[in-house]
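Enquirer: got a structure for you, letters missing:
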C-alpha cells in the first residue's frame, strides 16, 4: 500500500541550528483554535502524539503526566 500524501506542512525555526524545519503531516490533527480550546486531556494527547510522531525529537511536545492541559495546549499552539 502507498503512504498517504502529506496534506499540511508546519514551518518552524530552529535558532540553535540556524535552520528552518518543515514538518509534513498526513492528517490535520484538529480543525481550528476553538476546537483545540475545547479538547479534553485525551484529545490533546492524541493531537500532541500525532505531531510528535512527525516532529524532530528536539521539537517534541512534552506530554508527561506532570504537564497540565494548558501547557500541552500552549505547546501545540506554538507549533501551529
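Expert: Sure thing, it's come through. Given the structure is predicted, the values throughout are model-derived calculations rather than measurements. Numbers count the residues shown, from 1 in each chain.

Enquirer: now do the same contact list for the spatially most central residue of the chain.
Expert: The residue lying closest to the centre of the chain (Cα atoms, centre = their mean) is residue 51, at 3.4 Å. Listed by Cβ atoms under 8 Å, 6 or more residues apart in numbering, the contact partners of residue 51 are 10, 23, 25, 29, 61, 76, 79. The way it works is simple: take the backbone N, C-alpha and C, and place the C-beta from them, glycine included.

Enquirer: which one of the residues you listed sits closest to residue 38?
Expert: residue 76 (13.2 Å; Cβ to Cβ).

Enquirer: from memory that closest one sits against residue 61, does it?
Expert: Yes. Look at residue 76 against residue 61 with Cβ atoms under 8 Å: they come within range, at 6.4 Å.

Enquirer: so what sits against both of these two?
Expert: 48, 51.

Enquirer: buried among the contacts of residue 51? Make that a PyMOL selection.
Expert: Per 16 or more other Cβ atoms under 10 Å, the buried members of these correspond to this PyMOL selection:
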select buried, resi 23+25+29+61+76
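
Enquirer: so which of the contacts of residue 51 is the closest to residue 40?
Expert: Using Cβ to Cβ, the contacts of residue 51 come closest to residue 40 at residue 76, 13.8 Å.
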